[in-house]
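Chemist: 3D model of this:
(2 chains)
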Amino acid sequence: MRDIRLLTNPFVPGMLIGPFANANPGLGGICTFVGEVRGEGGVEALELTHYEPLTLPGMEELADTACARFGLMGLLMVHRIGKLRCGEPIVCVSAAAKHRRGAIDAVDFCMDHLKSAAWFWKREKRADGWHWIEPRDQDHADLARWK
Amino acid sequence: MTARILFLGPLADLAGAAEMQAQTPLDWAGLLSLVNAETKAELQNERINVACGGKVLAVKSELMAQDGDEVALLPPVSGG
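Modeler: Reported below is the predicted structural model:
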């Protein structure tokens, strides 16, 4: 079962993960990662913009690659766009496989690619206004692990 | 005969607008001539990608936008 989505409103990961597990009968393991907006450094809010014609097709392509590479039975990949407050879930990736290694690695792989290769731009609101978040070297190093 | 030009992410701040209309056919040099000096310099940086009609161009200087095309100027994604 595959479920790839962009969401404009807050979501509760548990509401997605339960049905996802049920939709993959016979699985051996599920690995789930949920990312939330960090409240450190005086961040009051986070805004994600994207480019519709590229972002979702890019996520679908990433899902194709992950499903093939890790032999997945199912993959859930949900990403928020729009304005988020601290503590809100921003991303949820859940992979179902026959064995644990495929599920764990697939989630790690998808997260590294969502972070540094998916078409999202983020800016943070702090007391002095909005600030765009620049790419970090660490993100590129994370991505290079899968080459 | 126009194309829609979109400035994504931080490029919108630099360009002073999130989008503009441009006469077609429009090539890369034509597009660069329509933006302010700061934006022009940034667009020429190799870290900026360009999509036309929903496809990222392998070589952005080969842009040739036709009537009805949407040209998206894509700065590096944020990560983090």
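
Chemist: A:Leu72: what's it in contact with?
Modeler: Taking Cβ atoms under 8 Å, 6 or more residues apart in numbering or on different chains, we find A:Leu72 in contact with A:66, A:95-97, A:102-103, A:106. Using the backbone N, CA and C atoms, a C-beta is placed for each residue, glycine as well.

Chemist: can you pull the buried residues of the one helix or strand A:Ile30 maps to?
Modeler: A:Ile30 belongs to strand A:29-36 when assigned by DSSP states H and E. Within strand A:29-36, the residues scored as buried using 16 or more other Cβ atoms under 10 Å in any protein chain shown are A:30-35.

Chemist: Just among the contacts of A:Leu72, which is most surrounded?
Modeler: Counting neighbours by other Cβ atoms under 10 Å in any protein chain shown, A:Ala95 leads these with 31 neighbours.

Chemist: Contact residues of chain B facing chain A?
Modeler: Within chain B, the positions near chain A by Cβ under 8 Å from any Cβ of the partner chain are B:6, B:8-10, B:13, B:51, B:54, B:56, B:70, B:72, B:74-80.

Chemist: Please list only the buried members of those.
Modeler: When the residues of chain B next to chain A are checked for burial by 16+ other Cβ under 10 Å, the buried set is B:6, B:8-10, B:51, B:70, B:72, B:74-79.

Chemist: Could you identify the most distant pair in the residues you listed?
Modeler: Farthest pair in these (Cβ to Cβ) is B:Glu70 and B:Gly79. Separation: 25.2 Å.

Chemist: follow-up on the earlier one: tell me which of the contacts of A:Leu72 fall in helices.
Modeler: A:66, A:102-103, A:106 (DSSP state H).

Chemist: Nearest to chain B among the residues you listed?
Modeler: Proximity of the ones in helices among the contacts of A:Leu72 to chain B was ranked by Cβ to the nearest Cβ; the top entry is A:Ala66 with 18.3 Å.

Chemist: Distance-wise, check the residue nearest to that closest one when sequence neighbours are not counted relative to A:Val34.
Modeler: Ranked by Cβ to Cβ, 6 or more residues apart in numbering or on different chains and with sequence neighbours excluded, the top spatial neighbour of A:Ala66 is A:Ala106, at 4.9 Å. Using Cβ to Cβ, to the nearest Å, one gets 15 Å for the distance from A:Ala106 to A:Val34.

Chemist: Which parts of the chain are strands?
Modeler: Went with chain A since none was named. A:2-7, A:29-36, A:45-50, A:74-80, A:82-85, A:89-97, A:120-126, A:129-132 (DSSP state E).

Chemist: actually chain B
Modeler: So, for chain B - with DSSP E - the strands run B:2-7, B:19-23, B:26-27, B:49-52, B:55-56, B:64-65, B:70-74.

Chemist: Of all the ones you listed, which one is nearest A:Met1?
Modeler: strand B:55-56 (29.3 Å).
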